[in-house]
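Enquirer: can't give you the sequence, but here's the structure:
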Ligand SMILES: NC(=O)C1=CN([C@@H]2O[C@H](COP(=O)(O)OP(=O)(O)OC[C@H]3O[C@@H](n4cnc5c(N)ncnc54)[C@H](OP(=O)(O)O)[C@@H]3O)[C@@H](O)[C@H]2O)C=CC1
Ligand SMILES: Nc1nc(=O)c2c([nH]1)NC[C@@H]1CN(c3ccc(C(=O)N[C@@H](CCC(=O)O)C(=O)O)cc3)C=[N+]21
């Protein structure tokens, strides 16, 4: 029977530290770090995620601004808007919520963000530095996953086999890189992989970032594995669930993260941490 690892509890501790930091800055009469979240359109899930980010900022006393732009905004207008945030000295972190409407080139938008304010870690410079193991903003979900591994004392990854299911630029690829940087032997699977189940079943650490409700069954999991479930899905009853069949897999794994209260809250905590880091780099 696995230990259930509540990212929400780890995130709470991180946020308490950040709140104390905000309080200290305030007492010193300093400017506070500020995160700007840009949401284009009215996608309900996106709206709920950005609301969560705003709420977390308020909780710890970090300055924040949610900027809502219309669904039909032109690419040029969005790029101009980002430029304004780039040159605004009061803004430390910029996050443009994904996905963007189809008429906007996502890569152009991410490229437009000043790398010094790229608290999402999605800018090509940030991702390149991650590969080169240079100091940079590490994207929040992958960073949160690594923090969870540290928290359970599972951070000596030499000789460990990690399997990442999913190869997106925001989760799969960067988390595979971070695991590799920590000396794990990493296999990345995706929709064209044959025998994913057999590959997954060899993993000491299994990361699920697919986006399919309860897709990973107990037969995919080695006895005693660490299972990190990144997926945020709605099942047939509109209930929030992960990519992992939690009830069955928890009988087999050594550690498992739940959904909700697993990786999601860690993503937000890392975003706050990255924003403070951007502020500290700027203020020197
Ligand atoms: N908790 C959090 O903080 C976050 C959660 N998420 C959630 O994580 C999940 C993944 O997100 P994201 O990475 O953005 O998703 P994407 O849709 O960008 O990527 C999904 C990946 O899964 C692969 N895949 C799809 N079906 C299968 C399959 N049957 N077998 C193996 N691989 C498959 C795809 O393969 P291919 O490349 O071949 O298409 C792709 O690489 C989603 O549920 C999302 O909501 C995302 C970000 C943050
Ligand atoms: N530029 C950008 N950066 C992102 O980091 C980003 C993004 N775009 N687009 C979408 C994904 C998704 N994502 C989540 C973050 C937190 C939760 C989270 O806190 N979830 C709660 C549950 C929330 C609920 O109840 O709906 C939990 O898992 O416990 C979920 C999903 C960040 N993303």
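Expert: Perfect, I can see it now. Bear in mind that the values here come from a model prediction, so they are computed numbers and not experimental data. Ligands and ions are numbered 1, 2, ... in the order given.
Enquirer: use CA for all of it now, contacts and neighbours both
Expert: Will do.
Enquirer: In contact with residue 57, which residues?
Expert: 63-64, 272 (Cα atoms under 8 Å, 6 or more residues apart in numbering).
Enquirer: I'd like to know which of those is nearest to residue 51.
Expert: Lowest distance from residue 51 to the contacts of residue 57 (Cα to Cα) belongs to residue 64, with 11.1 Å.
Enquirer: phi, psi of the closest one?
Expert: The phi/psi pair for residue 64 (degrees, to the nearest 10) reads phi -150, psi 150.
Enquirer: correct me, but it touches residue 34?
Expert: Yes: the criterion here is Cα atoms under 8 Å, and residue 64 meets it with residue 34 at 5.2 Å.
Enquirer: Neighbour count added to the contacts of residue 57, as TSV?
Expert: Output for these, formatted as TSV (neighbours: other Cα atoms under 10 Å):
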residue	neighbour count
63	18
64	21
272	26
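Enquirer: closest to ligand 1 among those residues?
Expert: residue 272 (13.2 Å; Cα to the nearest ligand atom).
Enquirer: so which strand or helix has the closest one?
Expert: helix 263-283 (DSSP states H and E).
Enquirer: end to end, how far does stretch 132-146 reach?
Expert: Stretch 132-146 has an end-to-end distance of 17 Å (criterion: Cα to Cα, to the nearest Å).
Enquirer: Let me see the ranges of the strands in the stretch 101-250 of the chain.
Expert: Along the stretch 101-250 of the chain, counting by DSSP state E, counting those that start in this stretch, strands occupy 161-165, 185-189, 205-208, 226-229, 233-234, 240-241.
Enquirer: coming back round to it: which parts of the helix holding residue 272 are buried?
Expert: Across helix 263-283, burial judged by 16 or more other Cα atoms under 10 Å covers 263-279.
Enquirer: Kindly report the same for stretch 103-121.
Expert: So for stretch 103-121, counting by 16+ other Cα under 10 Å, buried means 104, 106, 109-110, 112-121.
Enquirer: Show me the two of those residues that sit farthest apart.
Expert: 104 and 116 (22.9 Å).
Enquirer: Residue 157 - nearest residue in space that isn't next to it in sequence?
Expert: Using Cα to Cα, 6 or more residues apart in numbering and skipping the chain neighbours, the partner closest in space to residue 157 is residue 184 (4.9 Å).
Enquirer: Tell me the spacing between that neighbour and residue 49.
Expert: 31 Å.
Enquirer: So between these two, which is more surrounded?
Expert: Ranked by neighbour count (other Cα atoms under 10 Å), residue 184 and residue 49 place residue 184 first, with 22 against 14.
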